[in-house]
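Engineer: coords please:
(one chain, ligands or ions: 2)
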Amino acid sequence: MRTQVGIVGAGPAGLLLAEMLHRHGVDSVVVEKHSRAHVLGRIRAGVLEPTTVDVLRENGLAERLDRDGNVHDGVRIVRSGGGFLIDINLHCGKRFVAYGQTNLQDDLFAAADRRRAAIITEAADVRLDGTSIVFKTGRVDCDFIAGCDGFHGISRDSIPAKREYEKVYPFGWLGILSETPPLPEIAYCHSPRGFALASQRSPMLSRYYIQVPLDTRIEDWPDARFWAEIKARFPRDWADAIVIGPSIEKSIAPLRSYVAEPMSHGRLFLAGDAAHIVPPTGAKGLNLAVSDVYYLSRALAEYYRTGSMALLDAYSETALRRVWAAVRVSWYLTTLLHRFPDASPFDERAQEYELAYLESSEHAQAALAEQYAGLPL
Ligand code: RFL
Ligand code: PHB
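Structural biologist: Numbering: from 1, shown residues only. Ligands and ions are numbered 1, 2, ... in the order given. Just a heads-up that it's a prediction; the model follows:
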C-alpha cells in the first residue's frame, strides 16, 4: 500500500491523528499490532482537559462526550483534618470533563468506520524501514511516519542519538472499576497509609485507585481488602460515602516519568506515550497525546498545503514545551500526595507543610488550577 502519512498504533494518538489529517484532506493508513477488542478493553484515563475537549469538538468527535461526560469545576484534595477544592472554574474560567478513554477510543473507531478509514489491526512484527511500515503480511510506503505506538512501541528506537529523561517512582497504582455510584467529586487523598484517588466514568461506574508497593500482586487484593484499604485512607466522612460493590476490572500500573528528545528524526514524528510518559497523578497522559497530535496534524496539513516544512521542523520543540509543563506538574502532584517508602522525617515534614500552604493560599491554588486545567495550545 501507499499513503501520505503512515501511522503506527491505533490508540487515541494514532486514531485522532488519522481523523484530523482526513479533515485536512491528507490520507493515512494506521497499523496496529493488537486487535480492536484488545485496544478497546484497556481501562486507562478518565479526565479530559478543556483544551482536549475543544480539539475533539472542533473535529466532530465530541457528540457522545458532550452528552455523557461529567463536567467538573475542580478537583478535591483531601487528607485527615482537611481538604480543599482546586477550583479550576473559579481560577481559570474553565471546566474539565470525566469521560473514559475507553469511550473516546470507541468514538474514534466509530468515526474511522464512518469514513471507511484504512486501519490494519493485528499486524505482526511491525518495524520501520525508512519511510515504510513493514509487518508480517504487508508493507505501507509513506511520505511521513507518525509513531503513535505508545511507551512499549518500536518507533522511538528509530530516533538516533536521543536524550532520555526518566524518573521511576517506588510504587504503583492498583485501580478498580466498579458498577457503583461514584463520589460526586474527583478526590485525591493524601494519607499516612498512602495515596488514594476516587474517580468516575458514569453515574453507575466508579474508578478508584490506591498507591501500592511495586511488588504487589493482584491476587493478594480481593475486592474486600481493596475497599477496606481505600476507606482506611480517606477521612471518615469521605470513606462513609464510598459505595462498595464487586469490581469488574482490577489492574496495577507502575508510576514513571519519561521524556525522549527530540520527538522527531527526518520524516519520523513521535506523538503521545511513544515519546513521553507521565505518572497518572496529574491526569495528563491522554491530554498530551491530544496536544501532540494537534501540533503534528497542523504541521503535516501545512506541508501538504504549501510545501513548507517550517511547522514540521518546529514540531518537536513546540510539543516539548507543553510536554515538560505536564511532566513537571505530574511529578509535583505525585511528590506532594504519595507516601515515599524512603522519605526521611524531613521529607515528610516538608510535604505536610507544602499541603498546608496549598490549603491556605489562594495564589498557590490558582497556580495549580492553571496547570491541572492544562495550558492553552
Ligand atoms: P496508547 O494508548 O498506549 O496506544 C498505543 C497503541 O500502539 C499500539 N502498538 C503498536 N502498534 C503497532 N506496532 C507496534 N510495534 C506497536 N506497539 C504498540 C498499542 O497496541 C496501542 O494500541 O498510546 P497513546 O495513543 O499515545 O495514548 C496515550 C494514553 O493512552 C495514555 O497517556 C493515558 O492513558 C494515560 N492516563 C491518563 N491520561 C490522562 O490524560 N488522564 C487520565 O486521567 C489518565 N489516567 C492513564 C490514567 C494511564 C493509566 N495507565 C494504565 C497507564 C490512568 C492509568 C491507570
Ligand atoms: C481516572 O479516572 O482514571 C483518573 C482520574 C484522575 C487521575 C488519574 C486517573 O489523575
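
Engineer: now residue 230: phi and psi?
Structural biologist: In terms of degrees, to the nearest 10, the main-chain angles of residue 230 are phi -70, psi -40.

Engineer: if I look at it, how far off is residue 283?
Structural biologist: According to CB to CB, to the nearest Å, residue 230 and residue 283 sit 18 Å apart. C-beta: built from backbone N, CA, C; applies to glycine.

Engineer: could you measure from residue 259 over to residue 97?
Structural biologist: Per CB to CB, residue 259 is found 26 Å from residue 97.

Engineer: same thing with residue 376?
Structural biologist: When residue 376 is compared with residue 97 (using CB to CB), they lie 17 Å apart.

Engineer: so those two - more neighbours on which side?
Structural biologist: Legend: neighbour count by other CB atoms under 10 Å for residue 376 and residue 97, higher for residue 97 (20 against 10).

Engineer: ok but that one is inside a strand, no?
Structural biologist: Yes. Under DSSP: H, G, I helix; E, B strand; the rest coil, residue 97 sits within a strand.

Engineer: for it, which non-adjacent residue is spatially closest?
Structural biologist: Distances taken as CB to CB, 6 or more residues apart in numbering put residue 69 closest to residue 97, at 3.9 Å, once the chain neighbours are dropped.

Engineer: I figured the one you found hits residue 100, correct?
Structural biologist: No. The pair residue 69 and residue 100 fails to qualify as a contact (CB atoms under 8 Å) at a distance of 9.3 Å.

Engineer: looking at those two, which has the bigger crowd around it?
Structural biologist: Counting neighbours by other CB under 10 Å for residue 69 and for residue 100 shows that residue 100 has the greater number, 23 against 20.

Engineer: torsion angles phi and psi at that one?
Structural biologist: Residue 100 has phi and psi values of phi -70, psi 140 when expressed as degrees, to the nearest 10.

Engineer: that one against residue 200, yeah?
Structural biologist: No. Residue 100 lies out of contact with residue 200 (CB under 8 Å); the separation is 9.0 Å.

Engineer: overlap in contacts, those two.
Structural biologist: Residues touching both residue 100 and residue 200 (CB atoms under 8 Å, 6 or more residues apart in numbering) are residue 46.

Engineer: now do residue 206 against residue 175, distance only.
Structural biologist: Counting by CB to CB, the gap from residue 206 to residue 175 is 11 Å.

Engineer: residue 7 and residue 28 touch, don't they?
Structural biologist: Yes. At 5.3 Å, residue 7 counts as touching residue 28 under the criterion of CB under 8 Å.

Engineer: quick check: neighbours shared by those two?
Structural biologist: Shared contacts of residue 7 and residue 28 (CB under 8 Å, 6+ apart): 17-18, 146.

Engineer: who in this protein is up against ligand 2?
Structural biologist: Within reach of ligand 2 by CB under 6 Å from any ligand atom, the chain has these residues: 45-47, 186, 199, 207, 280-281, 283.

Engineer: please repeat the previous calculation with a cut-off of 8 Å.
Structural biologist: Within the chain, the positions near ligand 2 by CB under 8 Å from any ligand atom are 43-47, 75, 98, 100-101, 175, 186, 188, 197, 199-201, 207, 209, 280-283, 333.
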